[in-house]
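Q: got a sequence here, can you model it:
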Amino acid sequence: MARERAGVLKGLIQMESLHCSQFHVWTSLKSACSTSTLYKLVENDDEELGIYAKKLKHRDWLTSNELLKILKPLNDPLLAIRIFNRAAQRPDYKPNETIYSVIFNKLACVGQFDIIEELLEQMKREDCRCTDSFFLELIKMFTRKAHNPDRALKLLFEMRDFKCWPTVKTFNFALNVFVGAKEFEKAYKLYLRAPEIAISPNTSSVNILIKALCRLSKIDAAYELLYEMPKQGCYPNEITYGILMNHLCTEGKVEEALKLFKSMTEYGCAPDTVIFNILISGLSNQGKITEAIELFESMQSKGLAPTKGSYHAILYGFLCNRKFIEAKAVSDQMLSNNYCPSFFSYKSLISGFCEEGLVDDAIRVLEQMVNQNIVPRMGIWDLLLKTILKNSCATNTVLLVKEIDPAVY
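A: Numbering: from 1, shown residues only. This next block holds a predicted model:
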């Protein structure tokens with residue numbers, strides 16, 4: 001065992017010559033450690049470990065929590081591993097996943113996944129008991145920091161070697177990783193292999209696959225999966241329908257999305273605000289503002305409070321259809337419900353009113369914009385000034401100058 005740990009330490013020292021730039025980061029995080037010092041740390045362990053060596057020696061019994069108190073504050077992964085190796089030589093050493101998690105996190109931050117692999121083998125030999133949550137975090141490390149989803153997938157199936165079986169949550173995370181990376185074939189193969197690791201896919205698992213099929217524009221296959229869900233012991237939820245409806249609306253198939261919306265109740269699934277927002281936005285984008293408003297009112301009648309997204313969907317619909325008076329009314333309603341319109345909304349309103357020659361309305365929107373601490377850009381001031389001059393509104397010109405610089409008057 002001592003020889004195996006020495007191998008890990010040797011790997012760290014070799015790593016110094018191969019990745020001296022990363023070692024520079026490590027040593028800058030702690031008190032200065034030159035290259036020669038790194039080698040000296042191995043030759044004169046007790047002297048260089050200093051206070052840490054005393055902490056590891058003076059106790060008759062060193063608990064895991066006491067070891068963690070020593071390891072957690074350390075910024076130098078090399079020092080953390082050396083302290084860990086020293087602690088592992090004690091007769092009272094008991095390996096556990098929490099200690100390894102701390103070490104793995106420190107190594108992952110500097111990209112040393114080869115050493116993590118060696119330590120994983122060491123854990124296996126030590127018969128270290130691990131939970132699903134430990135492997136979930138490790139899988140996240142391999143995907144987010146190592147950018148190696150294939151290794152993460154392999155680890156998912158290696159969990160059995162540690163006498164640990166993945167939960168459906170961990171399985172779904174791995175599944176979602178491949179969909180996010182647009183490796184849809186691998187995601188589907190993983191889904192089919194679920195029984196190998198005693199996983200029964202749930203609604204979230206199917207939702208991830210439906211999302212993948214929508215991204216591939218295979219809507220018919222997504223529908224088939226939707227209708228097969230009850231046979232697999234799971235039922236669609238509002239997220240399932242939201243994924244499908246969002247794809248349909250993006251493709252301009254709003255009528256088909258509305259049919260799907262009406263069929264939701266067949267599975268006892270009630271639409272939420274997100275689904276209403278998707279449909280309202282889809283209708284608004286197609287210029288069907290009347291139907292969008294009806295759906296907006298229907299949402300409220302069902303006891304669902306409109307969100308900022310709900311108001312913006314209606315607001316953008318009016319703006320796209322050049323109904324600026326109605327759009328201004330929606331923006332006022334938003335403010336009365338403590339929602340602030342976006343910069344784009346204000347800019348479009350001011351531009352629209354200027355084009356229509358409604359200078360007073362444009363200035364009122366500008367004042368509202370400033371009151372919401374949204375800074376108008378020079379293009380907006382320029383447009384307003386040109387519109388005022390074009391319409392010979394001397395009074396409004398003075399008001400606008402005062403708005404730009406109150407110190408003038």
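Q: and the strands in the stretch 1-150 of the chain, which stretches?
A: All residues of the stretch 1-150 of the chain lie outside strands when identified by DSSP state E, counting those that start in this stretch.
Q: next one: residue 199 from residue 163, what distance?
A: Relative to residue 163, residue 199 is positioned 17 Å away (criterion: Cβ to Cβ, to the nearest Å). (Glycine included, C-beta is placed from N, CA and C.)
Q: those two: which is more packed in?
A: Applying other Cβ atoms under 10 Å to residue 199 and residue 163 shows that residue 199 carries more neighbours, namely 21 against 11.
Q: next, count neighbours for the closest residue to the more buried one other than its chain neighbours.
A: Using Cβ to Cβ, 6 or more residues apart in numbering and skipping residues adjacent in sequence, the residue nearest residue 199 is residue 171, 4.8 Å away. Residue 171 is flanked by 26 other residues according to other Cβ under 10 Å.
Q: same check on residue 360?
A: When neighbours are counted by other Cβ under 10 Å, residue 360 registers 11.
Q: work out the gap between stretch 354-369 and the centre of the chain.
A: Its chain's C-alpha centre and that of stretch 354-369 lie 39 Å apart, by Cα atoms, centre = their mean, to the nearest Å.
Q: ok, now stretch 215-235?
A: Chain-centre distance of stretch 215-235: 25 Å, with Cα atoms, centre = their mean.
Q: tell me the average confidence for that stretch?
A: Taken as a whole, stretch 215-235 has an average pLDDT of 92.
Q: which residues does that stretch contact?
A: Residues from elsewhere that reach stretch 215-235, judged by Cβ atoms under 8 Å, 6 or more residues apart in numbering: 179, 182, 184, 200-203, 205-206, 209-210, 213-214, 236, 240, 244, 247-248, 251, 267-269.
Q: wait, residue 354 sits on residue 362?
A: Yes: using Cβ atoms under 8 Å, residue 354 is in contact with residue 362, at 5.2 Å.
Q: these two: which has the busier surroundings?
A: Counted by other Cβ under 10 Å, residue 354 and residue 362 do not tie: residue 362 has more neighbours, with 26 against 23.
Q: identify the residues contacting that one.
A: With Cβ under 8 Å, 6+ apart as the criterion, the residues that contact residue 362 are 349, 350, 353, 354, 384, 387.
Q: determine how far the helix or strand harbouring it lies from the middle of the whole chain.
A: Taking DSSP states H and E as the definition, one finds residue 362 inside helix 359-371. Centroid separation between helix 359-371 and its chain, computed with Cα atoms, centre = their mean, is 37 Å.
Q: next secondary structure after it?
A: Sequence-wise, the next helix or strand downstream of helix 359-371 (DSSP H and E) is helix 378-390.
Q: buried residues in that next one?
A: Across helix 378-390, burial judged by 16 or more other Cβ atoms under 10 Å covers 380, 381, 383, 384, 387, 388.
Q: could I get the full set of helices for the stretch 1-150 of the chain?
A: 2-18, 20-29, 35-43, 45-49, 51-58, 64-71, 77-88, 97-109, 113-125, 132-140, 149-158 (DSSP state H, counting those that start in this stretch).
Q: can I get the CA coordinates of stretch 94-104 in PDB?
A: Written as PDB, here are the backbone C-alpha positions of stretch 94-104 (Å, rounded to 0.1, in the frame of the first residue of the first chain):
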ATOM      1  CA  LYS A  94     -10.100   4.900   7.800                       C
ATOM      2  CA  PRO A  95     -10.700   6.000   4.200                       C
ATOM      3  CA  ASN A  96     -14.000   7.500   3.400                       C
ATOM      4  CA  GLU A  97     -15.600   9.300   0.500                       C
ATOM      5  CA  THR A  98     -15.600  12.700   2.100                       C
ATOM      6  CA  ILE A  99     -11.800  12.800   2.400                       C
ATOM      7  CA  TYR A 100     -11.400  11.700  -1.200                       C
ATOM      8  CA  SER A 101     -14.000  14.300  -2.300                       C
ATOM      9  CA  VAL A 102     -11.900  17.100  -0.900                       C
ATOM     10  CA  ILE A 103      -8.700  15.700  -2.600                       C
ATOM     11  CA  PHE A 104     -10.500  15.200  -5.900                       C
END
